[in-house]
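Colleague: using only what follows, build the 3D model:
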Amino acid sequence: MTRKLLRLLLLMNIISHSLVQAQTYAIVIKGGHVIDPKNHINEVMDIAIKDHKIALVAKKIPTDSAVQVVNAKGLYVIPGLIDLHSHNYWGTELDQAYMNAPNALPPDGFTFRNGITTIVDAGSPGWRTFADYKKQTIALSKTRVLVFLNIVGEGMRGGAYEQNTADMDAKMAALTAMQNRQYIVGFKVAHFEGHEWTPVDHAVKAGELAGGLPVMIDFGGSTPPLSIRELFMEHLRPGDIFTHCFAELGSREFLVDKQTLKVKPFVYEARKKGINFDVGYGGISFAFSQAIPAAKEGFFPNTLSTDLHTGSMNAAMKDLLTVMDKFLAIGMNLDSVIKATTWESAKIIHREELGNLSVGAPADIAILGIRKGDFGFFDYIGYKVKGNRRLECEMTIRDGVIVYDLNGRAEPLNISFQDYLHRENIRRQTGKITY
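Modeller: Model prediction:
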């Protein structure tokens with residue numbers, strides 16, 4: 001080996017060592033307007049990521065200390081969004097509803113492009129089918145997938161299966177949850193059409209047996225409708241969730257009185273008790289005729305969510321950003337909309353490590369822009385509200401890795417650290433940029 005080659009190898013080693021020392025952070029996000037409701041941050045800041053976690057939030061973080069730099073000037077940098085109500089048990093069983101069926105959707109194709117890093121399946125699997133769901137959906141997704149386990153053992157299979165009170169086993173549901181605490185965050189009641197309180201009471205019992213996990217309630221509908229006052233005040237506990245809160249269907253009782261256009265007084269009592277109200281937009285489970293009168297009183301939901309499935313994504317709902325747009329259009333401020341899709345959702349599912357940008361938290365981040373213009377937002381009956389802004393996702397970072405970059409804002413583009421060192425060595429030695 002020649003002396004010249006030895007000197008070159010020594011130089012490359014010195015450069016590589018210097019780069020490793022200098023490049024403290026994996027990613028530095030520069031100049032974005034950070035909104036972090038948990039930490040009461042609402043100003044232009046930089047964010048640094050290291051070892052898949054938030055390493056620093058500060059006014060000025062040097063760009064030479066990062067492997068990648070993201071220019072977020074003019075954009076909002078927020079915690080990765082949490083969609084609290086979705087259906088992701090996708091499959092090919094054509095005679096089924098949302099359990100291993102084509103009405104459900106695999107998460108990754110619909111999350112990252114909307115700034116979502118965590119999605120919560122609202123009852124598609126039950127305790128009998130969760131093991132399959134874990135292999136089929138959770139294990140195959142880059143998105144963090146959590147679950148409200150259906151109190152029905154079969155899950156959201158549809159038809160008579162979801163009316164079978166004999167398959168609503170609180171002990172087995174709780175046992176499954178305790179064995180899968182990493183994924184299961186609560187229990188779900190959905191689509192039950194009877195007048196018994198059996199599904200609700202069994203789900204609440206499962207929650208208690210599993211150490212206080214919350215229950216999400218979706219009344220399937222009955223005639224006459226079950227009393228939501230009785231639900232809130234006599235069956236649910238503080239921390240439980242009433243989803244589809246602004247639905248206006250004949251088989252369900254409404255939050256807003258249709259005669260007075262006022263939120264019913266007991267709804268405020270329920271909120272004071274600690275009942276949480278979730279949008280769960282869905283295909284036909286949101287109506288402006290409920291949401292707008294509530295908004296005029298300042299009654300906004302705790303959480304915004306999609307109820308994502310094939311029947312809602314191409315109808316009025318679209319996606320989580322559109323749901324957020326609609327609430328901006330009816331008077332909810334941006335900070336509250338972000339809180340309702342980040343920190344508030346994280347607290348409700350007892351995952352306080354999520355939904356915030358605290359140092360040490362998982363580096364789940366959404367970078368959003370706001371497009372100004374004339375926009376129309378409509379519900380499933382065709383009622384339209386005008387708005388002048390739309391949220392658009394520029395970038396999503398999941399667990400410290402850029403998983404979606406709309407306009408190539410990362411410099412260099414998403415490459416491995418080793419590849420970056422190799423290319424940087426070439427640039428320093430030859431002056432040629434190989435990115």
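
Colleague: all strands of the stretch 301-435 of the chain, in order?
Modeller: 365-378, 384-398, 401-405, 410-411 (DSSP state E, counting those that start in this stretch).

Colleague: which one of those strands lies nearest to residue 150?
Modeller: Nearest to residue 150 among the strands of the stretch 301-435 of the chain is strand 384-398; the distance by C-beta to C-beta comes to 26.4 Å. (Glycine included, C-beta is placed from N, CA and C.)

Colleague: partners of the closest one, with directions?
Modeller: strand 365-378 (antiparallel), strand 401-405 (antiparallel) (DSSP bridges).

Colleague: deepest-packed of those, please.
Modeller: strand 401-405 (a mean of 19; mean count of other C-beta atoms under 10 Å).

Colleague: please, which helix or strand holds residue 178?
Modeller: helix 170-179 (DSSP states H and E).

Colleague: mind checking the end-to-end distance for stretch 369-385?
Modeller: Taking C-alpha to C-alpha, to the nearest Å, stretch 369-385 runs 21 Å from one end to the other.

Colleague: correction: the previous question concerned stretch 305-324.
Modeller: Start-to-end span of stretch 305-324 (C-alpha to C-alpha) is 9 Å.

Colleague: run the chain-centre distance for that stretch.
Modeller: 12 Å (C-alpha atoms, centre = their mean, to the nearest Å).

Colleague: give the buried residues for that stretch.
Modeller: 305-310, 312-313, 316-324 (16 or more other C-beta atoms under 10 Å).

Colleague: what of stretch 41-54?
Modeller: Applying 16+ other C-beta under 10 Å to stretch 41-54 flags 41, 45-50, 53-54 as buried.

Colleague: want to throw the strands of the stretch 301-435 of the chain into a markdown table with mean pLDDT and distance to residue 80?
Modeller: A markdown table is the format used below for those (pLDDT from 0 to 100; distance: least, C-beta to C-beta, whole Å):
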| stretch | mean pLDDT | distance to residue 80 |
| --- | --- | --- |
| strand 365-378 | 98 | 5 |
| strand 384-398 | 98 | 7 |
| strand 401-405 | 96 | 10 |
| strand 410-411 | 94 | 16 |
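
Colleague: now those strands in a markdown table, with distance to residue 282?
Modeller: As requested, the strands of the stretch 301-435 of the chain are exported to a markdown table (distance: least, C-beta to C-beta, whole Å):
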| stretch | distance to residue 282 |
| --- | --- |
| strand 365-378 | 15 |
| strand 384-398 | 18 |
| strand 401-405 | 25 |
| strand 410-411 | 35 |
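
Colleague: could you chop the chain up by domain?
Modeller: The record's domain parsing of the chain by automatic domain parsing lists 3-72+409-430, 79-372.

Colleague: what about the helices in the stretch 101-250 of the chain?
Modeller: 108-111, 130-133, 170-179, 198-209, 228-230 (DSSP state H, counting those that start in this stretch).

Colleague: nearest approach to residue 413 belongs to which of those helices?
Modeller: helix 108-111 (19.5 Å).

Colleague: which elements pack onto the closest one?
Modeller: Applying 3 or more C-beta pairs under 8 Å, 6 or more residues apart in numbering; DSSP states H and E, we find helix 108-111 packed against strand 116-126.
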